[in-house]
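Asker: below is the structure, and that's it, no one-letter string:
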């Protein structure tokens, strides 16, 4: 199936831990994104990569570090997790010119306890 | 700056009634506009999109939206709501064009509740 897949779907971890979320797309898109959905369901862009090049880095704590080994993968590593990092994280992909639309993964629900 | 406003945080309609969800955008050029739906605990599914051409666009699940440049609006409509339409609805505009980031900017979302 052509899709954006992200793992894991659920992640429960203690404060201070380091965790990673992986994302892969097989749509042939050249741009990938990470969005954070907070408890009020607001969706905010965090990062974007185009052909492995970082093009968006919003005001995100530097504990968050994206990595794109190739244009089909975009991972998110979070160091020293805090309670406020609890949210749903969505990966998405598109072409740089988004006329074809954006495809979202099913989300990773991160709970920090 | 680009932005999207969904004035209605929460809407309740009866099953079988018509629906209109409002969306206003702020964007300097011709906007690329989207409506997404998110069912509880699920990801985002694209309902429809507008780039150019006919200002009335048809989407999946019987939804349609009308682009009105003069009003900076892109309202979503459905003639007869089904209980399965209860979900969160997001309007979004793409930051497209040369030199722009390509990111999708979302509105705050509208929660749709359907009464039996």
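Answerer: Done, it's in. Please read all numbers here as calculations on a predicted model, not as lab measurements.

Asker: after the helix or strand bottoming out on mean pLDDT in chain B comes which helix or strand?
Answerer: Lowest by mean pLDDT, DSSP states H and E among the helices and strands of chain B is strand B:104-106, with a mean of 92. Next in sequence after strand B:104-106, counting helices and strands by DSSP states H and E, comes strand B:110-115.

Asker: helices and strands around that next one, which ones?
Answerer: Judged by 3 or more C-beta pairs under 8 Å, 6 or more residues apart in numbering or on different chains; DSSP states H and E, strand B:110-115 is in contact with strand B:10-14, strand B:19-21, strand B:87-94. Where you see a C-beta, it was placed from the backbone N, CA and C, and this is true even at glycine.

Asker: so what touches the second one?
Answerer: Same thing as strand B:19-21. With C-beta atoms under 8 Å, 6 or more residues apart in numbering or on different chains as the test, strand B:19-21 has contacts from B:6, B:8, B:11, B:13, B:35, B:75-78, B:81, B:85, B:89, B:91, B:110, B:112.

Asker: same question, the longest one
Answerer: For strand B:87-94, the external contacting residues (C-beta under 8 Å, 6+ apart) are A:41, A:43, A:98, A:102, B:2-4, B:6, B:21, B:23, B:25, B:27, B:31-40, B:44, B:47, B:74, B:76, B:102-107, B:109-112.

Asker: now, the residues you listed that are in strands?
Answerer: Those of those mapping onto strands are A:43, B:3-4, B:21, B:25, B:32-38, B:47, B:74, B:76, B:104-106, B:110-112, per DSSP state E.

Asker: make a ChimeraX selection of the buried ones in these.
Answerer: Buried members of the ones in strands among the contacts of strand B:87-94, defined by 16 or more other C-beta atoms under 10 Å in any protein chain shown, are picked up in ChimeraX with:
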select /A:43 /B:4,21,25,32,33,34,35,36,37,38,47,74,76,104,105,106,110,112
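
Asker: okay, buried residues for stretch B:65-84 please.
Answerer: Buried, per 16+ other C-beta under 10 Å, within stretch B:65-84: B:65-67, B:73-76, B:78, B:81.

Asker: ah, wrong one, I meant stretch B:84-101
Answerer: Residues B:85-96, B:100-101 are the ones in stretch B:84-101 that count as buried (16+ other C-beta under 10 Å).

Asker: for residue A:84, helix, strand, or coil?
Answerer: Assigned by DSSP: H, G, I helix; E, B strand; the rest coil, the conformation of residue A:84 is helix.

Asker: grab the nearest non-local neighbour of it.
Answerer: Among residues not flanking residue A:84 along the chain, residue A:112 sits closest, at 7.9 Å (C-beta to C-beta, 6 or more residues apart in numbering or on different chains).
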